[in-house]
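K.L.:
Kindly return the folded structure for what I paste below:
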Amino acid sequence: MARPKPEPVQVVKQRRDAALKALVDGVPYIRFLGIEFDRRGDELTAVMPFDDKLIGNPLLPALHGGATAAFLEVTAIIGLSWSMLWEEIESGALDAEDLVSGRMPRLPKTIGFTVDYLRSGLPRDAYARAKVVRSGRRYASVHVEGWQDNRDRAFVQATGHFVMPRRHG
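P.N.:
Okay, the predicted model is just below:
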């Protein structure tokens, strides 16, 4: 029995990129902060390009703590959602076109989010990655690290706990 021919790589990339774009575009606050996501396979890196509106203390100048915390929380929620949807997108159980047309799955809800400010955020681009520590049917825990110039020198980190949305089935 012959195996089915694999999809062309461009089709796979377009499906994944369309699904991620729809997920991110579903939250207007992400657009307001200017947060973007760089996808490499199933790994996401969040990027918050520098903008003057993100400065909290113009005398230092330093990024506003609230903007920094929001950046990490958004990274955690999108990272958790992406990990939850990845299998469904890859298997075809969830059609990227459904996401694009507005039939979005529910996002996890934040129970608690603890931020550790390790040093001042400088007036430049910030990056973050989320690591799902535990994800079950009802509850998830996510750790996020944010850095600017050097991946090994985090300026902020956070741990978030989330209620998982009910899934079909």
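K.L.:
Tell me which stretches of the protein form strands.
P.N.:
If DSSP state E is used as the criterion, the strands of the chain fall at 36-40, 43-48, 55-57, 62-63, 109-117, 126-135, 139-147, 154-163.
K.L.:
From the contact counts, what lies against the longest helix belonging to the chain?
P.N.:
What stands out as the longest helix in the chain, according to DSSP state H, is helix 65-91. Counting by 3 or more CB pairs under 8 Å, 6 or more residues apart in numbering; DSSP states H and E, the packing neighbours recorded for helix 65-91 are helix 9-25, helix 28-33, strand 43-48, strand 55-57, strand 109-117, strand 126-135, strand 139-147, strand 154-163. Quick note: C-beta positions are derived from backbone N, CA and C, even for glycine.
K.L.:
If you count neighbours, what's buried in it?
P.N.:
Within helix 65-91, the residues scored as buried using 16 or more other CB atoms under 10 Å are 67-85, 89.
K.L.:
okay if I get the strands of the chain as CSV plus mean neighbour count, mean pLDDT and distance to Ala19?
P.N.:
Below are the strands of the chain laid out as CSV (neighbours: other CB atoms under 10 Å; pLDDT from 0 to 100; distance: least, CB to CB, whole Å):
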stretch, mean neighbour count, mean pLDDT, distance to Ala19
strand 36-40, 14, 93, 10
strand 43-48, 19, 96, 12
strand 55-57, 14, 91, 33
strand 62-63, 23, 94, 30
strand 109-117, 13, 97, 21
strand 126-135, 18, 97, 17
strand 139-147, 20, 97, 19
strand 154-163, 20, 98, 20
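K.L.:
Reformat the ones you listed as a markdown table; add distance to Glu7.
P.N.:
Shown next, in a markdown table, are the strands of the chain (distance: least, CB to CB, whole Å):
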| stretch | distance to Glu7 |
| --- | --- |
| strand 36-40 | 17 |
| strand 43-48 | 20 |
| strand 55-57 | 45 |
| strand 62-63 | 41 |
| strand 109-117 | 34 |
| strand 126-135 | 26 |
| strand 139-147 | 30 |
| strand 154-163 | 32 |
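K.L.:
quick one on the thing from earlier: which one of the helices and strands packed on helix 65-91 lies closest to Glu97?
P.N.:
Closest to Glu97 of the helices and strands packed on helix 65-91 is helix 9-25 (CB to CB; 7.6 Å).
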